[in-house]
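[1] Need coordinates for the following:
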Amino acid sequence: GVFVMGDIPSRYDADAIRKDLKSSWSGQPPRIAATEAFWIDLHEVTRSAYGKCVEAGTCTPAKCDDAQDDVGERYSDEVLALVPQTCVSREQARAFCKASGGRLPTETEWEYAARGADGRRYPWGNEIRDEYRGTLSPVNGMVDTSYFGLRGMGSNALEWVSNDFELDTGLA
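    Residues are numbered from 1 along each chain as shown. All right, here's what the predicted structure looks like:
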């Protein structure tokens, strides 16, 4: 598909971004991007799915440091199994994808899957939604639904993509 990629600010000032790239928001400026067809999972990788990969010896255990929020105390074991796996490196995420017969999406693929073809500001639409809490939720719980029906792309865990962050992407 073809779509508008990058941040769509309420007020855009290209001159300010050219003067100091480090103070600009990532994803500036908005630009037309295209991607070939691809498959992507319906929701984030659950702790249950990642745990099975660890048990099989293909993945290494996730490890949270003291500054990261672990939701283990908030949920029962049954519900916790449906919470997205966090505290993994990009290499651990790549290993899980490979073991599952997939790969990490590119940034363009991820943003197209989240934003859709209609240029949404957020995966669920263009308005802020208070019901999407700033905490991890089970993938079958109160999470957003994107243009393509994908769940939790804007309201749950952060996701890894395959390509590295480049500060000046889109400014060439």
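[2] so what's the nearest residue to Leu82 once chain neighbours are set aside up against?
    Ranked by C-beta to C-beta, 6 or more residues apart in numbering and with sequence neighbours excluded, the top spatial neighbour of Leu82 is Pro138, at 3.8 Å. C-betas here are computed from N, CA, C, even on glycine. Contact analysis of Pro138 by C-beta atoms under 8 Å, 6 or more residues apart in numbering lists Tyr75, Val79, Leu82, Val83.
[3] which one among those residues gets closest to Arg94?
    Checking the contacts of Pro138 against Arg94 by C-beta to C-beta gives Val83 as the nearest, at 21.0 Å.
[4] so after the lowest-mean-pLDDT helix or strand in the chain, what's the next helix or strand?
    One helix or strand of the chain scores below all others by mean pLDDT, DSSP states H and E: helix 14-19, with a mean of 61. Next along the chain after helix 14-19, taking DSSP states H and E as the criterion, comes strand 31-34.
[5] can you list the residues that contact that following strand?
    Gly1, Val2, Phe3, Val4, Met5, Gly6, Thr108, Glu111, Tyr112, Gly170.
[6] what does stretch 115-133 give?
    1-5, 8, 114, 142-148, 150, 153-155.
[7] Now do that stretch: distance to the chain's middle.
    Distance of stretch 115-133 from the chain centroid (C-alpha atoms, centre = their mean, to the nearest Å) equals 14 Å.
[8] tell me which residues of it are tucked away?
    Arg115, Gly116, Arg120, Tyr122, Pro123, Trp124, Tyr132 (16 or more other C-beta atoms under 10 Å).
[9] Now which of the contacts of strand 31-34 would you call buried?
    Buried among the contacts of strand 31-34 by 16+ other C-beta under 10 Å: Gly1, Phe3, Val4, Met5, Gly6, Thr108, Glu111, Tyr112, Gly170.
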